[in-house]
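Student: Model the following, please.
(one chain, ligands or ions: 1)
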Amino acid sequence: MLKIHGVTRSRASRIIWLCHELDLPFEQVPVVQSYRLADPLDEGAPLNTLSPGFLRLSPAGAVPVMEDDGLVLSESMACTLHLARKAGPPLGPADAAELALMEQWSFYAATAIEPDALTILFLHGRGQAQSGEDAGLVAEAGERLVRPMRVLDEHLGRHGHLVSDRFTVADLNVAEVVRYAQGYGALMGQFPAVEEWLAAAQARPAFQKMWQARLAEPE
Ligand SMILES: N[C@@H](CCC(=O)N[C@@H](CS)C(=O)NCC(=O)O)C(=O)O
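Tutor: Below you'll find the model as predicted:
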(Lines give C-alpha, C1' and ligand atoms only; values in the text may rest on other atoms or scores of the structure.)
Protein backbone atom coordinates (compact mmCIF):
# COMPACT_ATOMS: atom_id res chain seq x y z
CA MET A 1 0.00 0.00 0.00
CA LEU A 2 1.09 3.57 -0.66
CA LYS A 3 2.87 5.08 2.38
CA ILE A 4 2.91 8.83 3.04
CA HIS A 5 5.40 10.18 5.58
CA GLY A 6 4.29 13.51 7.03
CA VAL A 7 1.57 14.99 9.18
CA THR A 8 -1.42 16.47 7.37
CA ARG A 9 -0.33 19.91 8.65
CA SER A 10 2.47 19.87 6.07
CA ARG A 11 2.77 19.69 2.30
CA ALA A 12 1.72 16.03 2.72
CA SER A 13 -1.77 17.61 2.50
CA ARG A 14 -1.32 17.77 -1.29
CA ILE A 15 -0.76 14.02 -1.63
CA ILE A 16 -3.50 13.19 0.85
CA TRP A 17 -6.02 15.40 -0.99
CA LEU A 18 -5.11 13.68 -4.26
CA CYS A 19 -5.39 10.21 -2.73
CA HIS A 20 -8.92 11.08 -1.61
CA GLU A 21 -9.73 12.35 -5.13
CA LEU A 22 -8.47 9.08 -6.60
CA ASP A 23 -9.90 6.79 -3.89
CA LEU A 24 -6.37 5.53 -3.30
CA PRO A 25 -5.84 3.86 0.08
CA PHE A 26 -2.69 4.91 1.93
CA GLU A 27 -0.87 4.48 5.22
CA GLN A 28 0.21 7.73 6.88
CA VAL A 29 3.32 7.96 9.07
CA PRO A 30 2.86 11.17 11.09
CA VAL A 31 6.36 12.65 10.82
CA VAL A 32 6.23 16.17 12.27
CA GLN A 33 8.40 19.16 11.30
CA SER A 34 11.40 19.46 13.66
CA TYR A 35 10.92 23.23 14.01
CA ARG A 36 7.60 22.61 15.73
CA LEU A 37 9.30 20.73 18.58
CA ALA A 38 11.25 22.18 21.52
CA ASP A 39 13.86 19.39 21.36
CA PRO A 40 13.49 17.26 18.24
CA LEU A 41 16.50 15.10 19.14
CA ASP A 42 15.27 14.27 22.65
CA GLU A 43 14.72 10.53 23.16
CA GLY A 44 11.05 11.08 23.90
CA ALA A 45 10.42 13.39 20.94
CA PRO A 46 7.86 12.21 18.40
CA LEU A 47 9.07 11.03 14.99
CA ASN A 48 10.21 14.19 13.22
CA THR A 49 12.18 15.47 10.25
CA LEU A 50 15.48 15.22 12.19
CA SER A 51 14.89 11.69 13.51
CA PRO A 52 17.75 9.48 12.28
CA GLY A 53 15.34 6.90 10.87
CA PHE A 54 13.54 9.53 8.82
CA LEU A 55 16.80 11.11 7.60
CA ARG A 56 17.82 7.75 6.16
CA LEU A 57 14.68 7.91 4.01
CA SER A 58 14.92 11.64 3.30
CA PRO A 59 18.42 13.14 3.53
CA ALA A 60 16.81 16.56 2.91
CA GLY A 61 15.01 16.20 6.25
CA ALA A 62 11.68 17.38 4.90
CA VAL A 63 8.20 15.96 4.60
CA PRO A 64 6.42 14.69 2.64
CA VAL A 65 8.07 11.52 1.46
CA MET A 66 6.06 8.88 -0.34
CA GLU A 67 6.79 5.18 -0.82
CA ASP A 68 5.02 3.63 -3.78
CA ASP A 69 5.83 0.06 -4.73
CA GLY A 70 9.55 0.39 -3.97
CA LEU A 71 9.86 3.96 -5.26
CA VAL A 72 10.87 6.47 -2.57
CA LEU A 73 9.91 9.97 -3.65
CA SER A 74 10.16 13.38 -2.02
CA GLU A 75 8.97 16.81 -3.25
CA SER A 76 5.23 16.99 -2.78
CA MET A 77 4.46 18.01 -6.35
CA ALA A 78 6.67 15.26 -7.81
CA CYS A 79 4.55 12.89 -5.70
CA THR A 80 1.19 14.26 -6.83
CA LEU A 81 2.26 14.43 -10.47
CA HIS A 82 3.53 10.85 -10.30
CA LEU A 83 0.26 9.53 -8.85
CA ALA A 84 -1.84 11.58 -11.27
CA ARG A 85 0.17 10.41 -14.24
CA LYS A 86 -0.32 6.77 -13.20
CA ALA A 87 -4.06 7.37 -12.74
CA GLY A 88 -4.61 9.24 -16.01
CA PRO A 89 -7.65 11.45 -16.69
CA PRO A 90 -9.63 13.16 -15.32
CA LEU A 91 -7.21 14.14 -12.51
CA GLY A 92 -4.11 13.17 -14.45
CA PRO A 93 -2.89 13.81 -17.98
CA ALA A 94 -4.44 12.29 -21.09
CA ASP A 95 -1.24 12.82 -23.08
CA ALA A 96 2.27 14.29 -22.99
CA ALA A 97 1.04 17.81 -23.75
CA GLU A 98 -1.35 17.79 -20.79
CA LEU A 99 1.38 16.43 -18.54
CA ALA A 100 3.70 19.23 -19.65
CA LEU A 101 1.05 21.84 -18.84
CA MET A 102 0.36 20.27 -15.44
CA GLU A 103 4.09 20.42 -14.69
CA GLN A 104 4.30 23.99 -16.01
CA TRP A 105 1.59 25.29 -13.65
CA SER A 106 2.90 23.30 -10.69
CA PHE A 107 6.45 24.61 -11.13
CA TYR A 108 5.15 28.14 -11.65
CA ALA A 109 3.32 27.98 -8.32
CA ALA A 110 6.30 26.45 -6.53
CA THR A 111 8.76 29.04 -7.82
CA ALA A 112 6.83 32.27 -8.50
CA ILE A 113 4.17 32.07 -5.76
CA GLU A 114 5.08 29.71 -2.91
CA PRO A 115 7.96 31.64 -1.23
CA ASP A 116 6.02 34.91 -0.91
CA ALA A 117 2.76 33.12 -0.12
CA LEU A 118 4.56 31.36 2.77
CA THR A 119 5.81 34.70 4.07
CA ILE A 120 2.19 35.83 4.16
CA LEU A 121 1.07 32.62 5.87
CA PHE A 122 3.70 32.80 8.59
CA LEU A 123 3.55 36.55 9.24
CA HIS A 124 -0.10 37.33 8.50
CA GLY A 125 -1.88 33.98 8.72
CA ARG A 126 -5.59 34.52 8.79
CA GLY A 127 -5.31 38.17 9.65
CA GLN A 128 -3.85 38.35 13.15
CA ALA A 129 -2.29 41.61 14.35
CA GLN A 130 1.30 42.17 13.22
CA SER A 131 4.26 44.22 14.31
CA GLY A 132 5.24 47.07 11.98
CA GLU A 133 8.19 45.11 10.58
CA ASP A 134 6.08 42.03 9.82
CA ALA A 135 3.37 44.18 8.23
CA GLY A 136 6.02 45.64 5.91
CA LEU A 137 7.32 42.19 4.90
CA VAL A 138 3.77 41.00 4.24
CA ALA A 139 3.04 44.07 2.10
CA GLU A 140 6.24 43.53 0.08
CA ALA A 141 5.45 39.83 -0.45
CA GLY A 142 1.93 40.82 -1.51
CA GLU A 143 3.29 43.31 -4.04
CA ARG A 144 5.60 40.68 -5.56
CA LEU A 145 2.64 38.31 -5.85
CA VAL A 146 0.48 40.69 -7.86
CA ARG A 147 2.04 39.75 -11.17
CA PRO A 148 1.91 35.91 -10.84
CA MET A 149 -1.56 36.12 -9.32
CA ARG A 150 -2.69 38.20 -12.27
CA VAL A 151 -1.34 35.51 -14.61
CA LEU A 152 -3.48 32.94 -12.78
CA ASP A 153 -6.50 35.23 -12.66
CA GLU A 154 -6.47 35.97 -16.38
CA HIS A 155 -6.06 32.30 -17.28
CA LEU A 156 -8.77 31.14 -14.86
CA GLY A 157 -11.10 33.94 -15.93
CA ARG A 158 -10.89 32.64 -19.51
CA HIS A 159 -10.74 28.88 -18.91
CA GLY A 160 -12.07 28.10 -15.41
CA HIS A 161 -9.28 25.56 -14.82
CA LEU A 162 -5.54 25.49 -15.35
CA VAL A 163 -5.33 22.61 -17.85
CA SER A 164 -8.07 21.70 -20.33
CA ASP A 165 -11.61 22.18 -19.07
CA ARG A 166 -11.56 20.02 -15.96
CA PHE A 167 -10.19 19.91 -12.40
CA THR A 168 -6.76 18.26 -12.53
CA VAL A 169 -3.68 17.74 -10.38
CA ALA A 170 -2.46 21.13 -11.65
CA ASP A 171 -5.42 22.88 -9.97
CA LEU A 172 -4.80 20.86 -6.80
CA ASN A 173 -1.07 21.68 -6.64
CA VAL A 174 -1.58 25.37 -7.35
CA ALA A 175 -4.60 25.71 -5.03
CA GLU A 176 -2.55 24.32 -2.14
CA VAL A 177 0.07 27.01 -2.75
CA VAL A 178 -2.40 29.88 -3.20
CA ARG A 179 -4.08 28.77 0.05
CA TYR A 180 -1.09 30.13 1.97
CA ALA A 181 -2.03 33.67 0.91
CA GLN A 182 -5.78 33.15 1.19
CA GLY A 183 -6.12 35.06 4.44
CA TYR A 184 -4.61 38.23 2.96
CA GLY A 185 -7.67 40.01 1.63
CA ALA A 186 -5.74 43.00 0.29
CA LEU A 187 -4.14 40.66 -2.26
CA MET A 188 -6.86 38.09 -2.89
CA GLY A 189 -9.58 40.72 -3.36
CA GLN A 190 -7.85 41.87 -6.54
CA PHE A 191 -8.30 38.47 -8.19
CA PRO A 192 -11.96 37.36 -8.34
CA ALA A 193 -11.38 34.48 -10.75
CA VAL A 194 -8.71 33.03 -8.44
CA GLU A 195 -11.02 33.41 -5.43
CA GLU A 196 -13.88 31.66 -7.24
CA TRP A 197 -11.63 28.83 -8.47
CA LEU A 198 -10.08 28.35 -5.01
CA ALA A 199 -13.48 28.23 -3.30
CA ALA A 200 -14.66 25.58 -5.79
CA ALA A 201 -11.49 23.52 -5.28
CA GLN A 202 -11.85 23.68 -1.51
CA ALA A 203 -15.52 22.70 -1.69
CA ARG A 204 -14.58 19.36 -3.23
CA PRO A 205 -15.33 16.44 -0.86
CA ALA A 206 -11.74 15.16 -1.17
CA PHE A 207 -10.31 18.51 -0.04
CA GLN A 208 -12.80 18.63 2.83
CA LYS A 209 -11.81 15.13 3.96
CA MET A 210 -8.14 16.13 4.01
CA TRP A 211 -8.95 19.43 5.74
CA GLN A 212 -10.95 17.81 8.55
CA ALA A 213 -8.03 15.45 9.26
CA ARG A 214 -5.69 18.43 9.25
CA LEU A 215 -7.83 20.37 11.71
CA ALA A 216 -7.94 17.33 14.00
CA GLU A 217 -4.14 17.37 14.33
CA PRO A 218 -2.44 19.46 17.05
CA GLU A 219 -1.38 22.95 15.82
N1 LIG B 1 9.59 21.64 -1.86
C2 LIG B 1 9.36 20.66 -0.82
C3 LIG B 1 9.36 21.38 0.52
C4 LIG B 1 9.34 20.41 1.68
C5 LIG B 1 9.35 21.14 3.03
O6 LIG B 1 10.00 22.18 3.19
N7 LIG B 1 8.64 20.56 4.00
C8 LIG B 1 8.55 21.17 5.31
C9 LIG B 1 7.16 20.94 5.88
S10 LIG B 1 5.82 21.39 4.84
C11 LIG B 1 9.51 20.43 6.24
O12 LIG B 1 9.50 19.22 6.26
N13 LIG B 1 10.34 21.12 7.01
C14 LIG B 1 11.17 20.38 7.92
C15 LIG B 1 11.81 21.11 9.00
O16 LIG B 1 12.05 22.32 8.79
O17 LIG B 1 12.10 20.49 10.01
C18 LIG B 1 8.05 19.93 -1.11
O19 LIG B 1 7.18 20.49 -1.79
O20 LIG B 1 7.88 18.79 -0.68
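
Student: I'd like the distance between the residue in the chain sticking out farthest from the centre and the ligand.
Tutor: Centroid-distance maximum for the chain: residue 43 at 30.6 Å, with CA atoms, centre = their mean. Between residue 43 and the ligand the computed distance is 18 Å (CB to the nearest ligand atom, to the nearest Å). Where C-beta positions appear, they are placed from N, C-alpha and C, glycine not excepted.

Student: Spit out the contact partners of that residue.
Tutor: Contacts for residue 43 (CB atoms under 8 Å, 6 or more residues apart in numbering) come out as none.

Student: Could you report the separation of residue 175 from residue 77?
Tutor: 12 Å (CB to CB, to the nearest Å).

Student: any idea which residue sits dead centre in the chain?
Tutor: residue 176 (3.7 Å).

Student: packing partners for the helix or strand containing that residue?
Tutor: Using DSSP states H and E, the element containing residue 176 is helix 169-178. If you count contacts as 3 or more CB pairs under 8 Å, 6 or more residues apart in numbering; DSSP states H and E, helix 169-178 packs onto helix 12-22, helix 76-87, helix 96-108, helix 114-123, helix 132-159, helix 192-202.

Student: got the residues of this protein near the ligand?
Tutor: Contacts of the chain with the ligand, taken as CB under 6 Å from any ligand atom, map to 10-11, 33-35, 49, 61-64, 75-77.

Student: For the residues you listed, I'd like a selection string for ChimeraX - just the buried members, please.
Tutor: Typed into ChimeraX, the line below selects the buried ones among those, using 16 or more other CB atoms under 10 Å:
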select :10,11,33,34,49,62,63,64,75,76,77
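
Student: In JSON lines, list the residues of the chain next to the ligand along with pLDDT.
Tutor: Formatted as JSON lines, the residues of the chain next to the ligand follow (pLDDT from 0 to 100):
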{"residue": "10", "pLDDT": "98"}
{"residue": "11", "pLDDT": "98"}
{"residue": "33", "pLDDT": "97"}
{"residue": "34", "pLDDT": "97"}
{"residue": "35", "pLDDT": "95"}
{"residue": "49", "pLDDT": "97"}
{"residue": "61", "pLDDT": "96"}
{"residue": "62", "pLDDT": "97"}
{"residue": "63", "pLDDT": "98"}
{"residue": "64", "pLDDT": "98"}
{"residue": "75", "pLDDT": "98"}
{"residue": "76", "pLDDT": "98"}
{"residue": "77", "pLDDT": "98"}
